[in-house]
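*Asks:* A structural model of the following input is requested.
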Amino acid sequence: MKRTTKNYTAIFIGGIILIGSFITIYACSFYEDDSYVGFFAPQVCRTGKYTPFFRVTDLMFLDDIKENNVHDFDTINIHSWYNYFNKAIKWDDLYSTVYHYSTEEIDTMIFRLKIKTYPASRKITDNAVLYYRDSKLISDFLFYLGYAKRCEPYATASYPDKACRDSVWAIEWTRIEPITGKKQIEYLLEGGQKQIKNTKSQFIKERYMFQVCRLLFQSGRLKECCEYFENNIEKFTVGQSIKYRFMSYAAGAYFKVQNYAKANYLFSKVFDNCAELRRESVIGFHPQEEADFNEALNLAQNAHEKAVMWFLLGYYDSFRGLQEMFKLEPKSELLDVLLTRYLDILEESLNSERWQTYPESDRTIFSNVKDFNKFFGLSIEPSELIFVKEVAIKNNTNKPYLWDIAAGYLSIIKGNFRDADSFLKSAAKKANKDELVTKQVRILHYKILHGWMSIRKDWKIK
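*Replies:* Numbering: from 1, shown residues only. Reported below is the predicted structural model:
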């Protein structure tokens with residue numbers, strides 16, 4: 001079964017069904033005929049930029065399946081060039097030049113820039129790029145753009161537009177892999193190195209270095225790619241986005257040559273600093289052994305970098321990640337996200353095949369707290385409950401109410417209703433009239449905790 005957490009309103013609060021002493025909330029999913037037993041909505045974490053990393057059963061990320069990443073940097077690239085030209089060139093003209101003009105049209109623009117009478121179409125002569133006050137800057141820009149367009153067939157996959165519009169399945173069949181051509185790649189690498197020396201613009205130098213690194217990676221020259229990264233990473237002083245795109249190829253190269261520690265460290269830095277590459281970094285970050293993960297930790301420059309690596313490891317061991325992150329950076333927003341993943345994984349275990357196949361005559365009736373705890377409480381190790389409760393009591397995280405909710409929920413599952421009541425009341429006070437948080441607390445506190453106790457009169461808070 002799949003669980004979607006796209007919208008908290010997808011949880012049908014009115015659809016709470018009491019069956020003996022068990023409560024089921026049916027939630028919408030990616031498929032209309034699926035349902036999931038769950039009471040916790042990770043959206044109460046109130047994070048925007050990290051929402052895609054909420055837990056979703058059988059999927060890596062929360063939001064829709066990503067067809068391809070060809071256009072991930074379109075807006076960022078144009079914004080960077082727009083600022084490079086001091087916002088003096090129209091955005092639309094820049095966008096058309098970068099993404100819609102052919103290599104031949106770029107060449108024509110270069111000739112037109114040098115020779116005002118050079119024949120060109122109206123499309124080119126009306127382009128504001130040609131009339132920028134500093135012709136040298138425009139010349140460097142156009143030379144780089146022509147170079148980048150010549151690199152594209154060797155460095156990126158392409159997708160026919162119609163396939164992109166049809167379906168994600170069509171994408172897999174129509175994807176055109178980067179072409180291989182040793183002589184042409186060598187020619188491009190030499191040309192890139194030459195232009196790096198010739199251009200005076202640091203902004204453009206960095207883009208040439210990115211293209212060279214990408215060509216080395218895509219052509220399988222992995223050790224050269226790693227060496228090129230080490231020799232040039234400190235030269236990136238202007239562009240943040242291009243720096244971490246450069247780093248991501250190096251991370252991939254290090255992984256392919258089995259230097260997992262360096263690869264994982266670089267992937268963690270990309271994740272932390274480049275929003276557009278966070279998904280790819282999560283997928284790329286994959287320690288093979290405890291030893292290479294520890295080695296990656298040793299490469300970290302500070303506690304924050306270590307905390308990010310523990311978050312990424314939390315994809316494989318969420319509770320361990322929580323413990324270590326809390327020691328390093330208790331107010332990290334990522335710590336809250338990892339807590340939601342831990343709770344959702346726990347709910348998946350409660351919705352396990354063991355429960356689904358349990359005789360209905362037995363699973364709908366629990367005569368007392370002990371029987372309830374015997375079935376569900378086994379899903380939580382005592383150390384896990386102790387840790388979450390201790391963090392909640394310390395009240396020093398980014399969102400203390402979230403930890404109160406977690407401690408209350410775990411206490412319910414363990415059958416510790418007195419503690420659950422206390423933590424949920426605390427969460428309600430800290431909600432600061434946040435409607436979403438208030439509803440989440442209300443579901444757990446009144447619908448679950450008091451619902452169970454109203455059915456079993458002997459389940460009382462003492």
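
*Asks:* where does the residue of the chain most remote from its centre fall, phi/psi-wise?
*Replies:* Checked against the mean C-alpha position of the chain, the extreme residue using Cα atoms, centre = their mean is Thr117, at a distance of 50.3 Å. Recorded main-chain torsions at Thr117 are phi -100, psi 0, according to degrees, to the nearest 10.

*Asks:* show me the shaky parts of the protein.
*Replies:* Low-confidence segments of the chain, defined by pLDDT under 70: 1-38, 52-53, 56-70, 157-180, 351-379, 447, 449-462.

*Asks:* and the strands in it?
*Replies:* 17-19, 22-24 (DSSP state E).

*Asks:* before we move on, the earlier item: check contacts around the residue farthest from the centre of the chain.
*Replies:* For Thr117, the set of contacting residues under the criterion of Cβ atoms under 8 Å, 6 or more residues apart in numbering is empty. (Glycine included, C-beta is placed from N, CA and C.)

*Asks:* next one: it from Tyr131, what distance?
*Replies:* The spacing between Thr117 and Tyr131, counted by Cβ to Cβ, to the nearest Å, is 16 Å.

*Asks:* and what of Leu410?
*Replies:* Plainly put, Leu410 is 65 Å away from Tyr131 if you go by Cβ to Cβ.

*Asks:* higher neighbour count, the two?
*Replies:* More neighbours surround Leu410 than the other of Leu410 and Tyr131, with 26 against 14 (other Cβ atoms under 10 Å).

*Asks:* so what's the more buried one up against?
*Replies:* The contact partners of Leu410, by Cβ under 8 Å, 6+ apart, come to Leu346, Ile380, Glu384, Leu385, Val388, Lys389.

*Asks:* remind me, longest helix of the protein?
*Replies:* For the chain, the helix that runs over the most residues, judged by DSSP state H, is helix 135-155.

*Asks:* which residues does that helix contact?
*Replies:* Applying Cβ under 8 Å, 6+ apart, the contact partners of helix 135-155 are 81, 84-85, 97-98, 101-103, 106-107, 109-110, 113-114, 129-130, 132, 178-181, 184-185, 188, 191-192, 195, 199-201, 204, 207-208, 211, 214-215, 218-219.

*Asks:* likewise for stretch 263-272?
*Replies:* If you take Cβ under 8 Å, 6+ apart as the criterion, stretch 263-272 is touched by 244, 247-248, 250-252, 254-255, 277-278, 280-282, 284-287, 292-293, 296, 299-300, 304-305, 308-309, 312.

*Asks:* now, those residues that are in helices?
*Replies:* Per DSSP H, the subset of those in helices is 244, 247-248, 250-252, 254-255, 278, 280-282, 284, 292-293, 296, 299, 304-305, 308-309, 312.

*Asks:* any of those residues buried? List them.
*Replies:* The neighbour count (16 or more other Cβ atoms under 10 Å) marks 244, 247-248, 250-252, 254-255, 278, 280-282, 284, 292-293, 296, 299, 305, 308-309, 312 as buried among the ones in helices among the contacts of stretch 263-272.

*Asks:* can you give me the helices in the stretch 301-450 of the chain?
*Replies:* Listed in chain order, the helices of the stretch 301-450 of the chain (DSSP state H, counting those that start in this stretch) span residues 303-313, 318-328, 333-350, 353-356, 360-363, 369-376, 382-394, 400-414, 417-430, 435-442, 450-455.

*Asks:* quick check: angle from the second one to helix 333-350?
*Replies:* In this case it means helix 318-328. 160 degrees (axes from the mean of the first three to the mean of the last three Cα atoms, to 10 degrees).

*Asks:* ok, the first one next?
*Replies:* Using the same axes, to 10 degrees, the inter-axis angle of helix 303-313 relative to helix 333-350 is 20 degrees.

*Asks:* name the helices or strands packed onto helix 303-313?
*Replies:* Using 3 or more Cβ pairs under 8 Å, 6 or more residues apart in numbering; DSSP states H and E as the contact definition, the elements that helix 303-313 packs against are helix 260-273, helix 290-299, helix 318-328, helix 333-350.

*Asks:* and the ones you listed as TSV, adding distance to Phe143?
*Replies:* Formatted as TSV, the entries for these read as follows, by distance: least, Cβ to Cβ, whole Å:
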stretch	distance to Phe143
helix 260-273	28
helix 290-299	37
helix 318-328	46
helix 333-350	41
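
*Asks:* any idea which of those is most buried?
*Replies:* Mean neighbour counts were taken over the helices and strands packed on helix 303-313 using mean count of other Cβ atoms under 10 Å, and the top value, a mean of 24, falls to helix 260-273.

*Asks:* just the CA trace of that helix, in PDB.
*Replies:* Once side chains and other backbone atoms are set aside, the C-alpha atoms of helix 260-273 remain, and they are given as PDB (Å, rounded to 0.1, in the frame of the first residue of the first chain):
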ATOM      1  CA  TYR A 260      33.000   6.200  -1.400                       C
ATOM      2  CA  ALA A 261      34.000   8.300   1.500                       C
ATOM      3  CA  LYS A 262      34.900  11.300  -0.800                       C
ATOM      4  CA  ALA A 263      31.900  10.700  -3.000                       C
ATOM      5  CA  ASN A 264      29.500  10.700   0.000                       C
ATOM      6  CA  TYR A 265      31.100  13.800   1.500                       C
ATOM      7  CA  LEU A 266      30.800  15.700  -1.700                       C
ATOM      8  CA  PHE A 267      27.200  14.600  -2.300                       C
ATOM      9  CA  SER A 268      26.300  15.800   1.200                       C
ATOM     10  CA  LYS A 269      27.900  19.300   0.400                       C
ATOM     11  CA  VAL A 270      25.900  19.500  -2.800                       C
ATOM     12  CA  PHE A 271      22.700  18.500  -1.000                       C
ATOM     13  CA  ASP A 272      23.300  21.200   1.600                       C
ATOM     14  CA  ASN A 273      24.100  24.000  -0.800                       C
END
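
*Asks:* chain center to it, what's the gap?
*Replies:* Computed by Cα atoms, centre = their mean, to the nearest Å, the separation of helix 260-273 from the middle of its chain amounts to 13 Å.
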